[in-house]
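Participant: Okay, predicted coordinates and the sequence, questions at the end:
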Amino acid sequence: MSDKEHTYTNGEVTIVWKPALCTHSRRCWTGLPEVFKPGERPWIRPDGADTARIAAQVRNCPSGALSLREPAAEAVPDGPANRIEVSTDGPLLVHGPVTVTLPDGRIEHRTGRCALCRCGHSANKPWCDGAHRTHGFRG
Ligand code: SF4
Ligand code: FES
């Protein structure tokens with residue numbers, strides 16, 4: 001999987017977005033449209049809200065595609081680690097840290113959150129790529 005990441009900073013907080021992990025849940029842009037604007041380039045505008053609101057919204061990203069660079073990452077405490085959440089009609093949301101062994105033997109370590117495909121349609125297995133939505137997965 002690509003480790004490519006994009007960063008967006010306002011000098012106080014740096015938002016990190018990893019496109020390969022994004023499941024296109026829409027949570028960020030429906031939750032904080034002042035900052036997350038999918039129709040614009042750049043699509044993340046960290047000067048659109050204060051640090052506390054940005055940190056809270058980033059914590060709400062189900063896939064781990066969004067994260068914050070320290071020290072802002074400390075602004076809002078995360079939930080309990082090492083738990084799996086079965087999302088409605090969507091992926092398994094894994095709250096790390098967790099180690100994933102891939103079929104070819106490669107090992108990936110995830111310190112934050114990640115989303116595992118549950119519908120079988122992802123083109124980026126085992127990770128969810130949002131395809132459950134276009135395939136109308138129910139479960
Ligand atoms: S997965 Fe995260 S970054 Fe992608 S749309 Fe949802 S909240 Fe935004
Ligand atoms: S659960 Fe999201 S692509 Fe399969």
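Facilitator: Good, I have the coordinates. Ligands and ions are numbered 1, 2, ... in the order given.
Participant: helix, strand or coil for the residue nearest to Thr99 when sequence neighbours are not counted?
Facilitator: In space, and not counting its chain neighbours, Thr99 is closest to His109: 5.4 Å by CB to CB, 6 or more residues apart in numbering. Glycine gets a C-beta too; all of them are placed from N, C-alpha and C. Recorded secondary structure, His109: strand (DSSP: H, G, I helix; E, B strand; the rest coil).
Participant: my read: His109 touches Thr101, true?
Facilitator: No. Contact criterion CB atoms under 8 Å: His109 and Thr101 do not qualify, at 10.6 Å.
Participant: Need the pLDDT of the nearest residue to Arg110 once chain neighbours are set aside.
Facilitator: Among residues not flanking Arg110 along the chain, Gly96 sits closest, at 4.4 Å (CB to CB, 6+ apart). What the model reports for Gly96 is a pLDDT of 78.
Participant: ditto for Thr111
Facilitator: 74.
Participant: Report the strands that pair with the lowest-mean-pLDDT helix or strand in the chain, each with its relative direction.
Facilitator: Ranked by mean pLDDT, DSSP states H and E, the weakest helix or strand in the chain is strand 107-110, scoring a mean of 83. Next to strand 107-110 in the sheet, as set by DSSP bridges, lie strand 98-101 (antiparallel).
Participant: Where do the helices of the chain begin and end?
Facilitator: 27-31, 51-59, 131-134 (DSSP state H).
Participant: Of these, which is nearest ligand 2?
Facilitator: Minimum separation from ligand 2 across the helices of the chain (CB to the nearest ligand atom) falls at helix 131-134, 3.6 Å.
Participant: Now the closest one: average pLDDT?
Facilitator: Mean predicted confidence for helix 131-134 is 92.
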